[in-house]
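Asker: need a 3D model of the following:
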Amino acid sequence: MFGLKRDRAKACRIVHELPGRVRVYCPGLRHLSDEAGAIRGRLERLLSVRSAHVSAITENILVRFDPAKGGAQDILVAAQSALNEYSLAVFKAERTLAAHSTVQERRLQEESAGELLIRVLASGVTLGFSALATRAAPATLLGRFITIPALTSLSLAWPILHSGWRSLTHSGRPNADTLSSTAIVASLLSGRDRAALTIIGLADLAELLTVYTRNRTRNAIRDMLAVGEAYVWRLETDGREAQVPVEQVRVGDRVVVKTGEKISVDGIVADGEAAVDQASITGEFMPARKRIGDPVFAGTVVKAGHLTISATKIGDDTAVARIVHLVEEAAHRKATIQAFADRFSAQLIPANFGLAGLVYAVTRRPDRALNMLIIDYSCGVRLSTATALSAAIATAARNGVLIKGGNYLEMLAEADTLVLDKTGTVTEGRPQVTSVVPLLPGVGEREMIELAAAAEETSTHPLAIAFVDRARRQGWPIPRHGPTHVSIGRGVQTTVAGAPVHVGNAPFMRDQAIDLSRAEEAARRLIERGEQVNYIARDHVLVGLMGIQDTLREDMRKSLNRLRLLGMDDIVLLTGDVEQHAELVATKMAMDRYQAQVLPEGKSDVVLRLQQKGRRVVMAGDGINDAAALACADVGIAMGGMRTDIAMEAADITIASDDPLMIPAAIRLSQKTMSIVKQNFATAIGVNTAALVLASLGRMPVVWGAAVHNATTVLVVLNSLRLLLHDMERSR
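Answerer: Take a look at the predicted model:
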């Protein structure tokens with residue numbers, strides 16, 4: 001099992017088959033009792049199916065069919081397709097079930113790092129003074145509770161006592177705090193006030209380190225997704241500009257933003273004009289022209305110009321702030337191994353109580369029984385696992401890699417198949433003019449570029465930008481032209497010096513009755529080189545053609561080589577591009593295979609088919625067109641400076657930079673994290689088991705039992721903190 005997301009993608013399978021009869025097991029069907037009728041109806045609409053019975057209790061579908069009209073495999077595919085429609089409902093039901101089965105634990109966020117630090121200092125100072133002072137053991141029961149260490153213990157133990165009692169009364173099951181509470185109270189009753197304070201002090205120290213790590217994680221995420229400026233220029237009613245903290249801006253206020261400044265509110269342009277880089281919100285790599293009446297978003301940057309913005313959304317209501325909250329919330333999702341650690345420790349807590357009773361029954365020694373309560377596996381296993389995952393997420397965020405939760409770290413470490421989108425992932429996503437082929441006497445490269453740039457000047461399509469950029473880089477003027485008429489996905493038409501100019505693909509040109517026969521051989525050569533062909537015609541006569549090509553990302557080949565060393569057995573290229581382009585890129589990158597001319601919904605089908613074969617799939621795409629495939633994969637990675645709301649919603653990991661080497665760096669981090677988690681498991685279980693054996697034999701006093709157990713917890717948490725020092729740049 002690889003986490004809830006993987007459960008959701010589990011495939012149906014045939015469990016029994018006879019001629020004309022098949023039984024299909026579909027995991028998750030138990031959550032779809034209300035939808036059983038719809039699933040049955042969908043199956044019975046198949047020509048081969050005579051009847052279908054859906055059981056939510058057994059998670060089975062029994063189908064009787066006509067073998068002459070279809071086979072069992074057809075029914076299996078249909079059943080899986082029907083279940084996929086309800087995958088979100090199954091996912092939510094599994095989350096709810098997991099929440100109900102989890103023992104109630106005290107949330108570390110309930111106490112700040114400052115409060116925990118004060119608690120650690122208080123217990124440490126008290127223990128220090130107590131160790132230096134000589135005193136007789138209190139003779140009365142009341143006296144045992146009024147010593148300085150005992151009073152300090154009671155004052156510090158309230159959160160632990162409250163959490164332990166609440167778990168016992170609300171869920172009917174003890175948690176780690178129940179065990180600690182029992183050990184603290186028993187220590188005080190037996191006059192071992194230092195042991196009680198040692199339990200509290202070292203436990204607080206371990207939690208302090210964990211909270212510190214989580215705060216580092218939160219700050220790293222916020223820094224990566226910085227929304228805007230701390231101060232803004234607000235236009236007052238008297239017309240003057242006043243610099244005020246962004247927190248003082250209200251809806252309806254007018255904010256002035258100048259060249260190089262970041263916009264800090266969502267709003268509408270009330271005055272001015274500017275080029276705004278809004279890649280952080282929309283994913284556009286070219287700055288957008290903003291004029292009066294246009295919407296703008298917090299987190300975008302004014303590259304050139306001057307805007308006065310009427311604020312419509314501020315603070316936590318802005319689009320990018322909602323993204324921050326989404327990621328912060330998602331970052332608390334537990335990995336399977338973390339959930340296992342919680343369940344493992346929770347299941348052993350009753351065993352500690354039973355062991356304490358057994359030791360007391362055999363030895364009649366309350367001190368030995370008390371050690372059975374003090375020494376447990378819960379704290380070390382639970383805190384070290386949470387700290388390791390949190391530290392890894394913080395390190396990744398500090399390096400521009402946003403991981404939504406520890407569960408994705410775990411699945412990333414176990415992945416064996418990588419699916420890559422082509423445009424914007426393997427390639428730059430910024431097409432360039434690579435070939436210019438004039439076909440009309442008297443017309444050269446410059447004139448062709450100028451005609452194409454004139455036709456495409458007002459378009460924001462990447463191909464149009466390639467023409468305009470080429471003209472501007474060469475310093476060639478763009479001719480004056482008439483209105484532009486766009487045929488989406490085909491071409492564009494305008495007029496230059498009174499003559500109609502057409503720029504587009506072959507079908508567009510044929511629709512305009514333009515003869516392309518002279519260009520067939522040149523077009524074939526360009527296509528063989530992996531270039532996209534665009535034709536240019538003037539006055540309905542073909543003047544030439546151009547080859548457009550999207551350049552491969554630098555270091556992508558090196559990235560794929562490193563991924564193979566890290567365990568990626570199968571690397572697949574998916575693209576909506578034509579066969580020749582896909583084959584060329586897959587060959588250059590030494591990929592295992594490719595699929596061309598795949599629609600967005602087809603990409604998700606490819607991912608699901610791989611998962612049905614038992615593969616653990618990582619999908620890397622641009623986070624927008626590949627949203628469905630990113631959501632279906634075990635781990636979805638959005639690459640590049642996209643960071644759109646769609647990317648945040650669909651992808652599990654976002655790499656802010658355009659550096660493909662960050663993919664293997666992230667996988668190496670995930671594998672190191674899982675290795676440290678396993679080290680912590682072995683250490684916590686080994687040391688605490690040895691301590692339990694020694695304590696039960698009377699070879700370890702209560703104070704030493706408390707010290708060894710809690711020192712082990714601190715040790716494994718410190719081991720997890722090593723991940724904060726991991727250098728992803730060096731591992732690229």
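
Asker: confidence score at the residue nearest the centre of the chain?
Answerer: Relative to the mean C-alpha position of the chain, the nearest C-alpha, by CA atoms, centre = their mean, is the one of Asp652, at 2.4 Å. According to the prediction, Asp652 has pLDDT 81.

Asker: over to Leu661?
Answerer: Listed pLDDT for Leu661 reads 91.

Asker: which residue ranges of the stretch 201-350 of the chain form helices?
Answerer: 279-282, 319-330, 336-363 (DSSP state H, counting those that start in this stretch).

Asker: ugh, wrong one, I meant the stretch 451-600 of the chain
Answerer: 462-474, 506-511, 520-528, 556-565, 579-588, 600-612.

Asker: lowest average pLDDT across the ones you listed?
Answerer: helix 600-612 (a mean of 79).

Asker: show me where pLDDT drops low in the stretch 101-250 of the chain?
Answerer: The model of the stretch 101-250 of the chain has pLDDT under 70 over residues 101-111, 134-139, 171, 175-176, 179, 217-229.

Asker: contacts only, for Tyr231.
Answerer: Residues near Tyr231 by CB atoms under 8 Å, 6 or more residues apart in numbering: Gln243, Val244, Pro245, Val246. In this view, the C-beta of every residue, glycine as well, is placed from N, C-alpha and C.

Asker: just those residues now: which is nearest Pro477?
Answerer: Nearest to Pro477 among the contacts of Tyr231 is Gln243, at 41.6 Å by CB to CB.

Asker: beta partners of the residue lying closest to that closest one once chain neighbours are set aside?
Answerer: Spatial nearest neighbour of Gln243, chain neighbours left out: Tyr231 (5.3 Å); criterion: CB to CB, 6 or more residues apart in numbering. Beta-bridge partners for Tyr231, by DSSP bridges, are Pro245.

Asker: relative to Lys303, how far out is Tyr231?
Answerer: Distance, Tyr231 to Lys303, by CB to CB, to the nearest Å: 20 Å.

Asker: repeat for Cys12
Answerer: Separation of Cys12 from Lys303 (CB to CB): 52 Å.

Asker: ok, Leu161 next?
Answerer: Per CB to CB, Leu161 is found 58 Å from Lys303.

Asker: just want to know which of these two has more residues nearby.
Answerer: Leu161 (17 against 14; other CB atoms under 10 Å).

Asker: roughly how far does that one sit from Pro27?
Answerer: Remark: distance between Leu161 and Pro27 (CB to CB) = 42 Å.

Asker: can you check Leu132 too?
Answerer: Counting by CB to CB, the gap from Leu132 to Pro27 is 62 Å.

Asker: and the two? Which one has more around it.
Answerer: Remark: of Leu132 and Pro27, Pro27 carries more neighbours, 17 against 7, as counted by other CB under 10 Å.

Asker: pLDDT wise, what is that one at?
Answerer: Looking at Pro27, its pLDDT stands at 84.

Asker: give me the distance between it and Glu59.
Answerer: If you measure Pro27 against Glu59 using CB to CB, the figure is 6 Å.

Asker: same question, Glu35
Answerer: Distance, Glu35 to Glu59, using CB to CB: 13 Å.

Asker: all strands of the stretch 51-200 of the chain, in order?
Answerer: 60-65 (DSSP state E, counting those that start in this stretch).

Asker: so Asp622 touches Gly424, yeah?
Answerer: Yes: judged on CB atoms under 8 Å, Asp622 makes contact with Gly424 at a distance of 4.0 Å.

Asker: which parts of stretch 80-89 are buried?
Answerer: Neighbour-count burial for stretch 80-89, counted by 16 or more other CB atoms under 10 Å, picks out Gln80, Ala82, Leu83, Asn84, Tyr86, Ser87.

Asker: tell me the confidence at the third one?
Answerer: Reported pLDDT at Leu83 in the predicted model: 82.

Asker: for Ala38, which non-adjacent residue is spatially closest?
Answerer: Nearest residue to Ala38 in three dimensions, chain neighbours excluded: Ala82, at 8.0 Å (CB to CB, 6+ apart).

Asker: ugh, wrong one, I meant Met556
Answerer: In space, Met556 is closest to Pro660, 4.6 Å off (CB to CB, 6+ apart).

Asker: okay, that neighbour and Tyr408: tell me how far apart.
Answerer: Following CB to CB, the distance that separates Pro660 from Tyr408 is 19 Å.

Asker: now neighbour count and distance to Ile667 too, for the contacts of Tyr231, in JSON lines please.
Answerer: Converted to JSON lines, the contacts of Tyr231 look like this (neighbours: other CB atoms under 10 Å; distance: CB to CB, whole Å):
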{"residue": "Gln243", "neighbour count": "10", "distance to Ile667": "45"}
{"residue": "Val244", "neighbour count": "15", "distance to Ile667": "45"}
{"residue": "Pro245", "neighbour count": "11", "distance to Ile667": "41"}
{"residue": "Val246", "neighbour count": "18", "distance to Ile667": "38"}
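
Asker: can you report phi and psi for the closest residue to Asp74 other than its chain neighbours?
Answerer: Spatial nearest neighbour of Asp74, excluding adjacent residues (CB to CB, 6+ apart): Ser48 at 6.6 Å. Backbone torsions of Ser48, given as degrees, to the nearest 10, read phi -80, psi -20.

Asker: can you pull the contacts of Ser48?
Answerer: Phe65, Asp66, Pro67, Lys69, Gly70, Gly71, Asp74, Ile75.

Asker: with Gly491 instead?
Answerer: Gly491 neighbours (CB under 8 Å, 6+ apart): His502, Val503, Gly504, Asn505, Phe508, Met509.

Asker: taking those residues, tell me the two that lie furthest apart.
Answerer: Distance extremes for the contacts of Gly491: the farthest pair is His502 and Asn505 at 10.6 Å, using CB to CB.

Asker: if you count surrounding residues, which of these two has more?
Answerer: His502 (26 against 16).

Asker: can you tell me how far that one sits from Gln549?
Answerer: Separation of His502 from Gln549 (CB to CB): 22 Å.

Asker: residues near Asp727, how many?
Answerer: Neighbour count for Asp727, taken as other CB under 10 Å: 11.

Asker: doesn't it lie inside a strand?
Answerer: No: under DSSP: H, G, I helix; E, B strand; the rest coil, Asp727 sits outside any strand and is assigned coil.

Asker: how near is it to Leu402?
Answerer: In terms of CB to CB, Asp727 sits 18 Å off from Leu402.

Asker: tell me where the stretch 601-732 of the chain has strands.
Answerer: 617-621, 635-639, 653-655.

Asker: which residues touch Lys588?
Answerer: Leu552, Arg557.

Asker: repeat that for Glu247.
Answerer: Gly315.

Asker: from Asn710, how far out is it?
Answerer: Taking CB to CB, one finds Glu247 at 42 Å from Asn710.

Asker: ok, Thr147 next?
Answerer: Distance of Thr147 to Asn710, computed by CB to CB: 20 Å.

Asker: repeat that for Leu373.
Answerer: Between Leu373 and Asn710 the distance is 13 Å, computed by CB to CB.

Asker: what do you get for Asp253?
Answerer: According to CB to CB, Asp253 and Asn710 sit 53 Å apart.

Asker: with neighbour numbers in mind, choose between these two.
Answerer: Shown here are Asp253 and Asn710; by other CB under 10 Å, Asn710 has more neighbours (24 against 18).

Asker: tell me the contacts of that one?
Answerer: Contacts of Asn710 (CB under 8 Å, 6+ apart): Thr198, Ile199, Gly201, Leu202, Ala203, Leu205, Ala206, Cys379.

Asker: doesn't the last one fall inside a helix?
Answerer: Put plainly, it is Cys379. Yes: assessed with three-state DSSP, Cys379 lies in a helix.

Asker: wait, it sits on Ala203?
Answerer: Yes: using CB under 8 Å, Cys379 is in contact with Ala203, at 6.2 Å.

Asker: what sits in contact with each of those two?
Answerer: Counting by CB under 8 Å, 6+ apart, the shared contacts of Cys379 and Ala203 are Ser180, Asn710, Thr713.
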